[in-house]
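A.B. asks: Need a 3D model of the following:
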Amino acid sequence: MNRPPLNLLACAVLVVLAACSSKEQPAADQASADQQTPAKAKREYLSQPLVSEIYTADPSAHIWDGKIYVYPSHDIDGTTPEDDLGAHFEMRDYRILSMDKIGGPVTLHPVALDVSQVPWADKQMWAPDAAKKNDTYFLYFPAKDRQGAFRIGVATSKSPTGPFEPRPEPIKGSFSIDPAVFTDNDGRTYMYFGGIWGGQLQRNTTGTYDPNGSKTDLQADDQPALTAKVAALGDDMLEFSEKPRDVVILDENGKPLLGGDHDRRFFEASWMHKYNGKYYFSYSTGDTHYIVYAIGDSPYGPFKYTGRILEPVEGWTTHHSIVESEGRWWLFYADSQLSGQTRLRNVKVTELFYNPDGTIKTINPFVSP
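C.D. replies: Modelled structure (predicted):
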C-alpha cells in the first residue's frame, strides 16, 4: 500500500484536534464532512416506486377502458425466517393500483380480496393476475391450501378494483403459482403458471402434489428444465378447458433448455404478450435474477430463447409484466429500494423498446454512471 504524503497527514492531525476541541459538530458541517469521506458509490435507480404507502411486488398490468390497472402482491413484514422456499413471503391480501397514464398520479385502492374470504386458502397469497370478459373482471391468485399445496383460485367482480368474490374451490387441475392470463386476438384466453423451488413445480411433476417431493429442481442439471404450464380457459373463465401442458423453451439448436442452464431456464413469473404477430413468453430465471424472453408462433409454443429484458434488480426476486399504452410499451417490475429487504418490495415501471428485428432492448434497472 502506498504511504500518504506528509501534508495529508498533517491535515488529518489538524482535523482530529479540531474534533476534540468541539463538543458537538453542527449538522451542516457534519453533512459537509460526510460528503468528503470516501464511501462506496451509491447506484442511481432507473425509476421510482409507484406507491410508498404499502409494499408491493409482482405487478400484473392491464389497460381497460383507457385506464391502467396494476394487480400486485402486497408484501407484509411478517415474522417467518427467510428461507429458499419463500416462507417469509407472507402476503395475505390484494390491493390494486390504478392510473390514467404512465407517470400520472397513482391511486391505491382498498383491499380487493383477503385470504380469510377464500374458503379453501390458508396463507401466502402470492403473485396474482387479472382478466376481463364482457362486464366481469376476474382475479386469479395462488395460495396454499391447508395441506400446504399451492393452488390457483379465481374471484370475480363488476369493478376492476374489486371487491372480488372468490369461488369456493380452486381451479380444477391447477397447482403451483404465478398465474398469468393472456387473451389472444381471436378471443381465446390462456393461463400460464408455475414456479420451481417454493413454487412447487418439482412437487407436481405427475399433476398431483407430493409433499415429500424434491425441495428444488437442482438434481437434474443435464435434463430438460422444469418449465411453466399453459392451459386454455373455458368460456366462463373459471376453469381450464384442457389439461395443462408444458411451455417448451428451446435453445439456439432447437433443444429444450436444460436444468443446469440457470441463466436461461424457467424459474417463475410467466408473462405473455404479443408483438407484430409473434408471441413473447417472458419469465424470471430466479436464482440468477434475470427477466428473459422467448418467441414463438403460437400461444402454446414452442418458444425459442431470445434474450434478456431486465438485468438483476436490488433484491432477490424479480417479477414483471409488459403492456402497451398509447403506442408505447412499458415494463412493470419491482425491487427493494424502499426497504432494502427481500420480503418488502416496491412496484416500478419503465419504458421498454424493441429493435427493428423484434428483439427487446435489455434494460438496466440502474442508471449507468
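A.B. asks: what helix or strand is the residue lying closest to Y192 once chain neighbours are set aside on?
C.D. replies: Spatial nearest neighbour of Y192, chain neighbours left out: S270 (3.8 Å); criterion: Cβ to Cβ, 6 or more residues apart in numbering. Any C-beta I mention is one placed from the backbone N, CA and C, and that applies to glycine too. Using DSSP states H and E, S270 falls within strand 268-275.
A.B. asks: what are the ranges of the strands in the stretch 51-200 of the chain?
C.D. replies: Using DSSP state E, counting those that start in this stretch, the strands found in the stretch 51-200 of the chain span residues 55-64, 67-75, 93-99, 107-114, 121-123, 129-133, 136-145, 150-157, 165-166, 180-183, 189-193.
A.B. asks: Any buried residues in the second one, and which?
C.D. replies: Read it as strand 67-75. Across strand 67-75, burial judged by 16 or more other Cβ atoms under 10 Å covers 68-75.
A.B. asks: and which of those residues is nearest D261?
C.D. replies: S73 (27.4 Å; Cβ to Cβ).
A.B. asks: burial of G254, as a residue count?
C.D. replies: Residues lying near G254 (other Cβ atoms under 10 Å) number 8.
A.B. asks: got the contact list for it?
C.D. replies: K304 (Cβ atoms under 8 Å, 6 or more residues apart in numbering).
A.B. asks: does it count as helix, strand or coil?
C.D. replies: Following DSSP: H, G, I helix; E, B strand; the rest coil, G254 is assigned to coil.
A.B. asks: list the buried ones in stretch 230-241?
C.D. replies: 230-233, 237, 239-240.
A.B. asks: thinking again about what came up before, mind checking the strands of the stretch 51-200 of the chain for the one nearest to T206?
C.D. replies: strand 150-157 (15.4 Å).
A.B. asks: partner strands of that closest one, parallel or antiparallel?
C.D. replies: Strand 150-157 pairs in its sheet with strand 136-145 (antiparallel), strand 165-166 (antiparallel), by DSSP bridges.
A.B. asks: ok, the nearest residue to E268 once chain neighbours are set aside - contacts?
C.D. replies: Once flanking residues are discounted, E268 sits nearest to G195: 3.2 Å by Cβ to Cβ, 6+ apart. Taking Cβ under 8 Å, 6+ apart as the criterion, G195 is in contact with 176-178, 201, 267-269.
A.B. asks: Output the residues you listed in TSV; the columns should cover pLDDT.
C.D. replies: TSV is the format used below for these (pLDDT from 0 to 100):
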residue	pLDDT
S176	97
I177	98
D178	98
L201	96
F267	97
E268	98
A269	98
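A.B. asks: Look at the residue nearest to E268 and report its pLDDT.
C.D. replies: Predicted confidence (pLDDT) for G195: 97.
A.B. asks: Which positions within the host helix or strand of V349 qualify as buried?
C.D. replies: Using DSSP H and E, V349 sits within strand 346-352. Buried residues in strand 346-352, counting neighbours by 16+ other Cβ under 10 Å, are found at 346-350, 352.
A.B. asks: Looking at those residues, which is nearest I96?
C.D. replies: The closest of these to I96 turns out to be V347 (Cβ to Cβ; 11.3 Å).
A.B. asks: ok, now how distant is the closest one from S116?
C.D. replies: 24 Å (Cβ to Cβ, to the nearest Å).
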